[in-house]
Structure formats: C-alpha cells, structure tokens
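Novice: model the following, please.
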Amino acid sequence: MHTVLPGAPRSILSRSISTIVFGCMVSASAFAATPGNDPQALAQIRDTALQSDWAYTHLTDLTDLIGPRLSGSAGAAAAVQQVADTMRKLGATVTLQPVKVPHWVRGVETAEIVDYAGRPQGLSQRVVLTALGGSGATPAAGLTAPLVIVKSFEELKARAAEVKGAIVLIDTPFDQEMAERGLAGVSYGQGSRFRFNGPKAAAELGAAAALVRSIGGANFRIPHTGATGLEDGKRIPAAAVTVEDALLIGRLAARGPMKMHLTLTPQTLPDADSYNVIADWPGTDKADEVVVVSGHLDSWDLATGANDDGAGIMAAMGVLETLKKLDYHPRRTIRVIAWMNEENGGRGGQAYFDANKNALLKQYAAIEMDSGAGRPFGIKASVGPKAEKLFAPLLASLQPIGANAFTRRDALETGDLHRLEKGGVPSFEPLVDSHSYFHYHHTPADTLDKVDPDNLKRNVALMSSLAWFLANIDGEIGRAPAQDE
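Specialist: Now for the predicted structure:
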C-alpha cells in the first residue's frame with residue numbers, strides 16, 4: 001500500500017503507483033493551452049532554469065541540515081520527509097512508496113602492518129581504510145593474519161592455498177587516463193566488479209578478510225567505500241584501502257612476507273522501513289502516460305553525498321520548480337522520483353518496477369541523473385536509431401548552452417532505471433563531464449563545495465527541457481531495444 005501525504009486527494013489512498021495518475025487526471029481545459037514543444041517554449045524552460053538558484057539552495061539544505069543518508073539511517077528518513085515536503089509545496093501530488101531497505105552501520109575501522117621484512121623493532125605501518133557496505137566484522141580486538149596481494153580473480157583462485165586464513169588485498173588500479181578521455185564510467189565499472197565480487201570470492205576460498213584498492217583517480221589518501229556482494233552467513237570483514245596504502249603494501253610485499261592487524265566492527269541490522277518519494281506534475285490529455293525524472297536520495301555515510309546523488313535528485317526536483325514558475329502543464333504526467341537504496345541494494349528501483357511491470361506501456365520514458373554535477377554536454381538515450389531525428393528540436397534549444405550532443409546506446413543500465421529499461425522503457429541521462437567525479441565518489445570528500453552552482457543550473461536546464469520535450473512529443477519514440485536477461 002502506498003502512503004499519500006497530507007494534501008493528496010483522498011481518492012488515491014488505495015491506488016497503486018501504476019494507476020495513481022488516473023486519480024489526478026486533469027482535463028486539458030483546466031489549464032491554459034500547453035505551449036508544446038515549440039522553440040519559444042523550450043527556450044523559456046531553458047532560460048528559466050538557468051536563472052534559478054533553487055536547486056543549489058535546496059541541495060545546501062539537504063547536505064548541510066541532514067548530511068549522510070545511508071539506507072535505514074535517521075538521515076535517510078529525514079531526507080524523505082524534507083523532499084516530500086518540498087515537492088508538496090510546489091503543488092505536486094506526493095506519494096510515499098514503501099521500501100524495505102538494508103540497514104548496515106559502520107563501526108571501528110583500523111589497520112596496521114605489524115610485521116614486514118626490515119621492520120625496525122617496535123614499529124608498525126598504519127593503513128588508511130574504510131569498511132565496504134555489507135562487510136562482516138572482526139572480533140572486537142581485531143585479527144592478525146598474513147597479508148596476500150593479488151591482481152586478478154584468476155590469481156586469487158590460483159593462490160587459493162595462500163588465501164585461506166589470510167587477509168587478501170585485491171589490487172587493481174583505477175584508470176584515470178580513461179576518465180580524462182570521457183570514459184570514467186568504463187574505468188569505474190572495471191574496478192567496481194573487483195570491489196563487489198572480490199570479497200565474496202575471497203570468502204569462498206576461506207580468507208579471513210578482504211581488502212580492495214579504492215576506486216578513484218585522485219590520490220589524496222582518502223578511501224572510497226561501496227557495496228559488496230557479501231551475503232548473510234558468509235560475511236567476512238571487507239574494506240577499501242587508499243591508493244597510497246595499496247602502493248605501500250605492494251612495495252613492502254616485494255621485500256618479503258607481511259602480517260596485518262585489522263579491526264572492523266560494522267553491524268548488519270534487520271531491514272528498515274523506508275520510501276521512494278514520488279511527486280506527480282499531472283498531465284492534461286495524456287495524463288495516464290508517465291515521464292519519470294529521477295535521482296537517488298540515499299548516499300553513503302562517509303560524507304553528505306552532494307554529487308552522489310544530491311545534485312541528481314535536486315536537478316530532477318528542479319524540473320517541477322521550473323515548470324511551476326512558467327505555469328506550464330505537459331500533456332503527459334511528469335513524475336519526479338527520489339529513489340531510496342540505490343547505493344547498497346537497489347530496492348527502491350525494484351519496488352517501482354514491481355508496481356508497474358504489468359503496465360509498462362504507460363511508462364513513456366524515464367530519466368535519471370546519477371553521474372555527478374559536472375558540466376552537461378548533451379543527452380544519452382536508449383532509443384532506436386530511427387528515433388534520433390525526433391530530438392532535433394530539443395537539441396537545437398540546448399545548443400546555446402553547449403549541451404546538444406546526442407549519444408544513442410542500446411542500453412544505459414543506470415542504477416535505478418535498468419529494470420524499466422529491460423522492460424522496453426526508453427531511458428535517458430545527462431551526458432556530463434565526469435573526469436573528476438571519481439576523485440570524490442563514495443569518499444569523505446563528497447561535499448557541497450565540490451558542486452559548481454552554474455553547472456548544476458545547466459543540468460536543471462537540460463533535465464527540464466528533456467522532460468518537457470518527452471512529455472509533449474507527438475506519437476511514440478519507440479520502445480528501448482530489447483535486452484537479454
């Protein structure tokens with residue numbers, strides 16, 4: 001059952017998200033005639049967004065007043081209420097969609113290399129690290145074990161005898177050169193598979209604990225956390241070490257055997273109650289068709305999640321603020337979704353898909369912003385090749401801000417939309433400059449000062465223009481290309 005906030009029509013209390021728009025359908029005559037996708041309307045949307053500080057102001061509220069928002073935390077609960085209240089004040093129909101989320105909390109996290117070749121008597125080397133999401137715990141006093149370094153899954157398996165009972169470091173570098181050339185996501189994907197799957201593979205071989213080299217391109221001796229694939233009953237201690245400490249461990253390993261003393265005391269608590277925040281800006285004559293505009297509301301607990309993904313959700317919310325200023329009402333319903341639990345479970349995306357899987361044809365298109373608040377250069381889209389030409393008017397309107405590039409892919413596979421996309425819903429996301437995004441991603445440094453206010457305005461302008469265009473385009477843009485499971 002979905003919980004509707006005060007102010008929502010009583011008639012929708014028992015209706016599902018897939019049909020909620022029918023409860024708030026508005027006839028075209030209730031509003032002034034929609035300006036549609038004419039160049040003047042698109043220009044007004046773009047320029048109105050560019051002139052507004054609304055998104056940055058509310059991002060400041062989210063990050064400074066609430067802070068970290070890991071699923072199950074008090075911060076996540078406060079963020080749900082803050083975003084819901086803000087959307088309601090804009091005049092949107094706000095619904096809370098229940099989601100059961102993981103509740104994992106960080107504890108003590110320390111490490112020292114206590115034995116190594118050439119070690120002066122009484123000395124040890126401190127290692128800077130942070131627990132990975134879903135990590136198991138060491139004893140309260142920690143554990144001491146040999147430290148083994150591997151560079152790949154193949155090497156991990158080949159050295160299974162050494163791995164058993166040891167602390168394993170999976171040492172794979174982030175390719176910043178790729179990131180500098182527009183392939184940051186590809187480089188991150190290469191590293192994240194070791195972070196997600198490495199601890200589980202080490203656990204299966206009997207490792208005492210697993211470490212991974214942090215995934216990021218700036219070496220400031222700060223660790224990058226993230227999710228693991230560890231499962232209940234098989235959780236070993238798992239952490240990310242800084243790049244500098246991974247390099248130190250590599251140099252010491254060249255001198256001879258090592259031992260590490262590791263203390264990690266996180267807890268995995270029972271699943272918690274949380275919500276996706278869903279805010280509808282009702283359409284006119286096609287109100288039963290939905291254009292989703294979204295970002296995720298949860299963040300990791302090391303910082304305030306300003307880039308990941310505070311900026312994304314505020315840009316999505318900024319779409320409604322822009323349209324309200326202009327008193328623009330689209331033909332299709334524009335639905336802002338603040339997803340819960342993208343970082344360590346994806347349960348918000350799953351809950352929305354489950355509620356709508358039998359009516360996916362009514363999900364006309366979906367947008368997600370979750371690659372930071374860098375300057376946008378255009379749009380990425382999972383549409384068929386023949387659909388590209390339909391976006392020419394939109395791209396022309398974005399040309400004055402240098403955001404008119406269009407990149408078509410068969411699948412974007414964004415964090416919260418990939419299930420909808422596999423079901424045929426065309427997906428879109430801003431094409432942003434992300435060369436420095438992974439400097440701060442999942443670290444204590446993902447704070448408000450890393451967000452450029454002007455670039456955030458540009459992202460709001462792009463998201464508002466794209467959402468409006470999709471909500472008013474005539475006919476179909478074609479379903480996303482079919483994907484294999």
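Novice: so where's the protein shaky on pLDDT?
Specialist: By pLDDT under 70, the low-scoring segments of the chain are 1-33, 480, 482-485.
Novice: ok, the residue nearest the centre of it - contacts?
Specialist: By CA atoms, centre = their mean, the chain has its centre lying nearest to residue 370, at 4.8 Å. Going by CB atoms under 8 Å, 6 or more residues apart in numbering, residue 370 touches 295-296, 308-309, 312, 342, 414-416, 429. Just so you know, the C-beta spots here come from the backbone N, C-alpha and C atoms, and that holds for glycine as well.
Novice: now residue 450, nearest residue through space, not along the chain?
Specialist: When the adjacent residues along the chain are set aside, residue 450 lies closest to residue 440, with 5.4 Å between them (CB to CB, 6 or more residues apart in numbering).
Novice: which residues touch the one you found?
Specialist: Residues near residue 440 by CB under 8 Å, 6+ apart: 216, 218, 303, 307, 446-447, 450.
Novice: coming back round to it: and which of the contacts of residue 370 is nearest residue 355?
Specialist: residue 416 (13.5 Å; CB to CB).
Novice: in a strand, that closest one, correct?
Specialist: No: using DSSP: H, G, I helix; E, B strand; the rest coil, the secondary structure at residue 416 is coil, not a strand.
Novice: hang on, isn't it packed against residue 296?
Specialist: Yes: applying CB atoms under 8 Å as the test, residue 416 and residue 296 come out as touching, 6.0 Å apart.
Novice: identify the contacts common to these two.
Specialist: Residues touching both residue 416 and residue 296 by CB under 8 Å, 6+ apart: 339, 342, 348, 370.
Novice: can you report how many residues neighbour residue 467?
Specialist: Residue 467 sits with 28 neighbouring residues when counted by other CB atoms under 10 Å.
Novice: scratch that, residue 182 is what I was asking about
Specialist: Residue 182: 13 surrounding residues under other CB under 10 Å.
Novice: contacts only, for the nearest residue to it once chain neighbours are set aside.
Specialist: Nearest-residue entry for residue 182: residue 435, 7.4 Å, with adjacent residues in sequence omitted and distances by CB to CB, 6+ apart. With contact set as CB under 8 Å, 6+ apart, residue 435 has these partners: 179-180, 182, 184, 374.
Novice: same list (those) but as JSON lines, adding secondary structure.
Specialist: Converted to JSON lines, the contacts of residue 435 look like this (three-state DSSP):
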{"residue": "179", "secondary structure": "helix"}
{"residue": "180", "secondary structure": "helix"}
{"residue": "182", "secondary structure": "coil"}
{"residue": "184", "secondary structure": "helix"}
{"residue": "374", "secondary structure": "coil"}
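Novice: and the residues you listed as JSON lines, adding distance to residue 46?
Specialist: Formatted as JSON lines, the contacts of residue 435 follow (distance: CB to CB, whole Å):
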{"residue": "179", "distance to residue 46": "29"}
{"residue": "180", "distance to residue 46": "29"}
{"residue": "182", "distance to residue 46": "24"}
{"residue": "184", "distance to residue 46": "26"}
{"residue": "374", "distance to residue 46": "18"}
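Novice: between the residues you listed, which has the most around it?
Specialist: Per-residue neighbour counts (other CB under 10 Å) across the contacts of residue 435 peak at residue 184, which has 26 neighbours.
Novice: okay, now the closest residue in space to that one that isn't next to it in sequence: neighbour count?
Specialist: Leaving out its chain neighbours, the residue that sits closest to residue 184 by CB to CB, 6+ apart is residue 434, at 4.3 Å. The number of residues packed near residue 434 is 20, by other CB under 10 Å.
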